[in-house]
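> quick one: sequence and predicted model below, then my questions.
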Amino acid sequence: MRRTVIFLFVMLIMAAGSALGSDEVPFSVGERLRFFIYASKLYVGYQTVELVGVEELDGIEVYKIEGVSQSSFLLSIIYRLDDKWTVYIDTKNLLPVRVEKDMKEGRSTGFFVYDIDQNNGTVKIHDRTNNSTEQVSAENLIFDLFSLIYYYRANPEPFRERFTFDFLEPHALHPVEFKDVGDEQIVIPRISKKHTVSTNKLQQVGGIGIEIFVSNDELRVPLKMTVPSILPGDKKLLIEFYIDRFSPGTGKKQIPDQYNRLAY
């Protein structure tokens, strides 16, 4: 019964999403974002995200989104971060259908490909490092953090209440909840160190408490993200991502003035 309800919910989303044209979503091909990463206020690296194009994947028209997360030169001496990932999102319903992650974090490495069947609630996890494949089942829609942000940008309404999804992990899925808790004024250094910017705050319910701050304008650009981490000895470390550069892509001719300071 629960699987039937989830299937019908996905079908409704697909029906609604089929009416979405490329001019109606707040992003377009060529959109690029760069974030600086800070740990306890110290610069430790950067992250880039780019919507590189629209292509076909297994008969489905998809947005192809590529990203890189890298540690700074100094941090790389003691801890190397070099993650590369690609996400393929169905252009009709904006749900991810494949996620590829090539991870190098400290001494750990891994290359995973997730083939996602949203209709049947399953994910085939291909561990390319160990040459193994397994299939896991989901109770909810399936996202990684980046595809979730794009989905939210085009579909903020479901997040007014608690939005539960299954989060991709290396060998499993983990239920996570987020909720849009409303307007919050924050400082984005690249835009202004004195004046605040109006954002919508998307907050994880429970868990480690991830927060995503999205601009209150028609582009709904992710401007900041905070990810608390627990270190050995119950010590806490706050990882913060602040937008540093932004290009709206080929389909967005006019953008709010505040983004002029972020232009590539």
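Received it, and whenever you're ready, just let me know what you need.

> every contact and neighbour count from this point should use C-alpha atoms.
Will do.

> below-threshold pLDDT in the stretch 151-264 of the chain: ranges please.
252-253 (pLDDT under 70).

> 80 - rerun?
Across the stretch 151-264 of the chain, the ranges flagged by pLDDT under 80 are 230-235, 251-254.

> would you map the strands across it?
Secondary structure of the stretch 151-264 of the chain (DSSP state E, counting those that start in this stretch): strands located at 163-169, 172-186, 197-204, 211-215, 222-231, 235-247.

> just how off-centre is the last one within its chain?
To tie it back to what came earlier, the one meant is strand 235-247. 13 Å (C-alpha atoms, centre = their mean, to the nearest Å).

> show residues contacting it.
Outside strand 235-247, the residues within contact range by C-alpha atoms under 8 Å, 6 or more residues apart in numbering are 30-41, 188-190, 222-231, 259, 262-264.

> helices of the stretch 51-200 of the chain, start to end?
73-76, 145-154 (DSSP state H, counting those that start in this stretch).

> neighbouring contacts of the last one?
To tie it back to what came earlier, the one meant is helix 145-154. Contacts of helix 145-154 (C-alpha under 8 Å, 6+ apart): 25-26, 87, 89, 94-96, 159, 167, 219-222.

> switch to 6 Å and redo it
25, 94, 220 (C-alpha atoms under 6 Å, 6 or more residues apart in numbering).

> residues contacting residue 63?
53, 54, 88, 89.

> from residue 166, how far out is it?
From residue 63 over to residue 166 the distance is 21 Å, taken as C-alpha to C-alpha, to the nearest Å.

> residue 41 too?
31 Å.

> now swap in residue 190 and tell me
33 Å.

> and these two? Which one has more around it.
Ranked by neighbour count (other C-alpha atoms under 10 Å), residue 190 and residue 166 place residue 166 first, with 20 against 14.

> contacting residues around the more buried one?
Contacts of residue 166 (C-alpha under 6 Å, 6+ apart): 140, 142, 173, 174, 175.

> pLDDT score for the residue nearest to the spatial centre of the chain?
In the chain, the C-alpha nearest the mean C-alpha coordinate belongs to residue 146, at 1.4 Å (C-alpha atoms, centre = their mean). The model reports residue 146 with a pLDDT of 95.

> before we move on, back to that, just the ones of the contacts of residue 63 in strands?
Per DSSP state E, strands hold the following members of the contacts of residue 63: 53, 54, 88, 89.

> next, the buried residues of stretch 75-84.
Buried positions in stretch 75-84, judged by neighbour count with 16 or more other C-alpha atoms under 10 Å: 76, 79, 80, 81, 82, 83, 84.

> between these, which is nearest residue 113?
The nearest member of the buried residues of stretch 75-84 to residue 113, counting by C-alpha to C-alpha, is residue 84 at 11.9 Å.

> for the residue nearest to that closest one when sequence neighbours are not counted, report the pLDDT, please.
Among residues not flanking residue 84 along the chain, residue 68 sits closest, at 4.6 Å (C-alpha to C-alpha, 6 or more residues apart in numbering). Residue 68 carries a pLDDT value of 96.

> how many neighbours does residue 68 have?
Count around residue 68 with other C-alpha under 10 Å applied: 19.

> again with residue 129
Residue 129 has 11 neighbours, counted by other C-alpha under 10 Å.

> relative to residue 86, how far out is it?
17 Å.

> I'd say residue 36 and residue 44 touch.
No - counting by C-alpha atoms under 6 Å, residue 36 stays clear of residue 44, with 7.9 Å between them.

> which of the contacts of residue 166 count as buried?
By 16+ other C-alpha under 10 Å, those give 140, 142, 173 as buried.

> if anything else comes up later, I'll come back, but that's it for now.
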